[in-house]
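1. The sequence and its predicted three-dimensional model are supplied below.
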Amino acid sequence: MNSVGQYSAFADAAIFAAVRTPWVDLGGALSQVSPIDLGIKVGREVLARAGIAPLAVDSVLAGSMAQASFDAYLLPRHIGLYSGVAQAVPALGVQRICATGFELLRQAAEQLRDEVQLALCVASESMSRNPIAAYTHRDGFRLGGEVQFKDFLWEALYDPAPGLDMIATADNLARRYGLSRKAVDRYACDSHQRGLQAQREGAWAEEIVTVDNQVFELEGYQPRGISLARRASAVSADSHPRPTDLEALTRLRAVHPGGVQTAGNSCAVVDGAAAALVGRASACTRPALARLLASAVVGVAPEFMGIGPAPAIRLLLQRSGLNLGDIGRFEINEAQAAQVLAVAQELELDSTRLNVEGGSLALGHPLAATGLRLVMTLARQLRQHNLRYGIAAACVGGGQGMALLIENPAYRA
């Protein structure tokens with residue numbers, strides 16, 4: 001095994017179609033919806049948009065981080081069944097935290113080398129339904145003993161190995177790369193403004209499926225469905241993009257004393273789901289969304305976890321025989337502004353090719369689903385601007401980085 005990471009190349013893999021729900025703020029209209037039902041929604045929709053019968057699917061791959069419903073163990077299987085996939089088709093749960101969306105695509109492309117012809121990939125995340133959890137009370141409560149319940153969502157942002165939360169790891173990068181609070185806020189302000197402008201121009205409209213109140217039927221089994229919160233009848237747009245200026249960002253208090261990261265220059269917490277159909281490029285009867293060329297995943301020090309995309313991108317380029325100048329667009333997940341700036345500085349990235357429509361600072365970051373959004377956004381940009389190659393990447397809590405190389409099948413030199 002390669003001691004500096006894992007690289008995979010794909011000779012005949014393509015994304016036939018991809019969709020997502022709107023990303024909706026914590027406690028918003030999607031807050032009471034199980035991630036399984038959000039996953040069923042996008043699973044059904046991506047098949048309909050691709051014009052492919054569910055019975056053509058040979059494999060179901062699905063990912064979600066938190067156990068946000070009591071039937072969470074069944075998430076991959078129920079997404080497949082209620083999306084109409086044949087009962088005999090197996091389903092697999094996939095998890096690589098913030099890179100779960102990439103990992104779904106990687107595993108789907110790997111499966112194409114065997115008997116799989118078409119894979120349904122679904123990532124769904126309900127941050128709102130992260131539980132208040134207890135892990136030490138199975139045997140009951142002792143008289144006068146400590147009763148320990150914790151907020152799973154909050155605790156999941158803490159890495160006990162270095163004894164740091166994710167914000168602190170970004171502050172570490174700010175110190176290592178000499179990033180000032182002003183520079184970090186300026187980047188965040190630009191991202192918020194780019195995201196709001198992209199939304200106004202309808203940039204994400206083709207990615208998004210409207211979510212409304214509905215029931216999912218499956219013959220012979222109990223119905224499932226979506227019931228929106230806050231008396232909403234439908235949700236059709238991302239809720240987090242909003243007017244933001246540098247002055248407002250500079251007034252926010254740093255999360256940690258002496259640090260640069262605030263609530264305004266860190267990713268928003270949102271709910272959402274995304275889906276993609278992955279099959280053999282040679283068998284695609286319609287123009288594919290993108291060709292999947294290669295992936296790379298590496299490990300980095302947990303206390304500097306946000307730098308992960310840099311070595312992952314380097315490995316991807318090195319093994320694929322490309323250089324930075326060959327890449328038309330980069331979509332690097334904006335977990336924190338300092339983290340993205342550190343990666344850009346490490347790689348000497350051209351800012352005009354990086355997150356040009358904003359990113360997770362403006363839209364939010366539903367952990368498992370973000371990777372699929374990055375790839376579909378990237379693929380659309382490559383088509384719109386007749387660019388050949390794009391790279392999507394993300395850092396991963398615990399100290400990893402993952403990157404995916406895609407190609408525009410409609411590119412004309």
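-> All right, it came through fine.

2. Can you read off the pLDDT for Pro257?
-> At Pro257, the pLDDT value in this model is 96.

3. tally of neighbours for it?
-> Using other C-beta atoms under 10 Å as the criterion, Pro257 is surrounded by 7 other residues. For glycine as for every other residue, the C-beta is placed from the backbone atoms N, C-alpha and C.

4. Then the one 3 residues further on?
-> The tally of other residues near Val260 (other C-beta under 10 Å) stands at 25.

5. who touches it in this structure?
-> 170-171, 174, 179-181, 184, 254, 337-338 (C-beta atoms under 8 Å, 6 or more residues apart in numbering).

6. Restricted to helices, list the residues you listed.
-> 170-171, 174, 181, 184, 337-338 (DSSP state H).

7. from those residues, which two are the most distant?
-> Across the ones in helices among the contacts of Val260, no pair lies farther apart than Ala170 and Arg181, at 12.0 Å, counting by C-beta to C-beta.

8. These two: which is more packed in?
-> For Ala170 versus Arg181, the count of surrounding residues by other C-beta under 10 Å is larger for Ala170: 32 against 19.

9. What residue, apart from its backbone neighbours, is nearest Gly80 spatially?
-> Counting by C-beta to C-beta, 6 or more residues apart in numbering, Gly80 lies nearest to Val60, which is 3.6 Å off, once chain neighbours are set aside.

10. now what about stretch 404-413, what contacts it?
-> Outside stretch 404-413, the residues that touch it by C-beta under 8 Å, 6+ apart are 14-15, 102, 105-106, 281, 287-288, 290-295, 316, 320, 322, 371, 375, 378-379, 382-383, 386-393.

11. Between the two ends of it, how far is it?
-> Counting by C-alpha to C-alpha, to the nearest Å, the length from the leading to the trailing residue of stretch 404-413 is 22 Å.

12. Among the contacts of stretch 404-413, which lie within helices?
-> Short answer: those in helices (DSSP H) are 102, 105-106, 316, 320, 371, 375, 378-379, 382-383.

13. ok, of those, which one's closest to Leu38?
-> Leu38 has its nearest neighbour among the ones in helices among the contacts of stretch 404-413 in Gly371, at 15.8 Å by C-beta to C-beta.

14. and the ones in helices among the contacts of stretch 404-413 as JSON lines, adding neighbour count?
-> Compiled in JSON lines, the ones in helices among the contacts of stretch 404-413 are given as follows (neighbours: other C-beta atoms under 10 Å):
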{"residue": "Phe102", "neighbour count": "29"}
{"residue": "Leu105", "neighbour count": "29"}
{"residue": "Arg106", "neighbour count": "28"}
{"residue": "Leu316", "neighbour count": "28"}
{"residue": "Ser320", "neighbour count": "17"}
{"residue": "Gly371", "neighbour count": "31"}
{"residue": "Val375", "neighbour count": "26"}
{"residue": "Leu378", "neighbour count": "25"}
{"residue": "Ala379", "neighbour count": "26"}
{"residue": "Leu382", "neighbour count": "23"}
{"residue": "Arg383", "neighbour count": "16"}
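
15. separation between the residue sitting nearest the centre point of the chain and Ile332?
-> Residue closest to the mean C-alpha point of the chain, counted by C-alpha atoms, centre = their mean, is Thr370 at 1.3 Å. Using C-beta to C-beta, to the nearest Å, one obtains 11 Å as the distance from Thr370 to Ile332.

16. State the pLDDT value of the residue nearest to the centre of the chain.
-> At Thr370 the predicted local distance difference test score is 98.

17. show me what contacts it?
-> Contacts here follow C-beta under 8 Å, 6+ apart; on that basis Thr370 touches 98, 101, 333, 360, 394.

18. For those residues, give me JSON lines that also has pLDDT, distance to Glu45 and neighbour count.
-> As requested, those are arranged in JSON lines below (pLDDT from 0 to 100; distance: C-beta to C-beta, whole Å; neighbours: other C-beta atoms under 10 Å):
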{"residue": "Cys98", "pLDDT": "97", "distance to Glu45": "24", "neighbour count": "27"}
{"residue": "Gly101", "pLDDT": "98", "distance to Glu45": "16", "neighbour count": "35"}
{"residue": "Asn333", "pLDDT": "98", "distance to Glu45": "23", "neighbour count": "31"}
{"residue": "Ser360", "pLDDT": "97", "distance to Glu45": "22", "neighbour count": "28"}
{"residue": "Ala394", "pLDDT": "98", "distance to Glu45": "24", "neighbour count": "32"}
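
19. ok, so of those residues, who is nearest Gly220?
-> Gly220 has its nearest neighbour among those in Gly101, at 31.8 Å by C-beta to C-beta.

20. what's the distance between the closest one and Ser295?
-> Separation of Gly101 from Ser295 (C-beta to C-beta) stands at 12 Å.

21. quick one: Ala170 and Ile307 touch, right?
-> No - taking contacts as C-beta atoms under 8 Å, Ala170 lies outside contact range of Ile307: 9.9 Å.

22. Which neighbours do those two have in common?
-> Between them, Ala170 and Ile307 share the neighbouring residues 339, 342, with contact defined by C-beta under 8 Å, 6+ apart.

23. Including pLDDT, could the contacts of Val260 go into JSON lines?
-> Output for the contacts of Val260, formatted as JSON lines (pLDDT from 0 to 100):
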{"residue": "Ala170", "pLDDT": "98"}
{"residue": "Asp171", "pLDDT": "98"}
{"residue": "Ala174", "pLDDT": "98"}
{"residue": "Leu179", "pLDDT": "98"}
{"residue": "Ser180", "pLDDT": "97"}
{"residue": "Arg181", "pLDDT": "97"}
{"residue": "Val184", "pLDDT": "98"}
{"residue": "Ala254", "pLDDT": "97"}
{"residue": "Ala337", "pLDDT": "98"}
{"residue": "Ala338", "pLDDT": "98"}
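
24. Parallel or antiparallel, which strands does the helix or strand hosting Ile406 pair with?
-> Counting by DSSP states H and E, the secondary-structure element that holds Ile406 is strand 400-407. In the sheet containing strand 400-407, its partner strands are strand 290-299 (antiparallel), strand 389-396 (antiparallel), by DSSP bridges.
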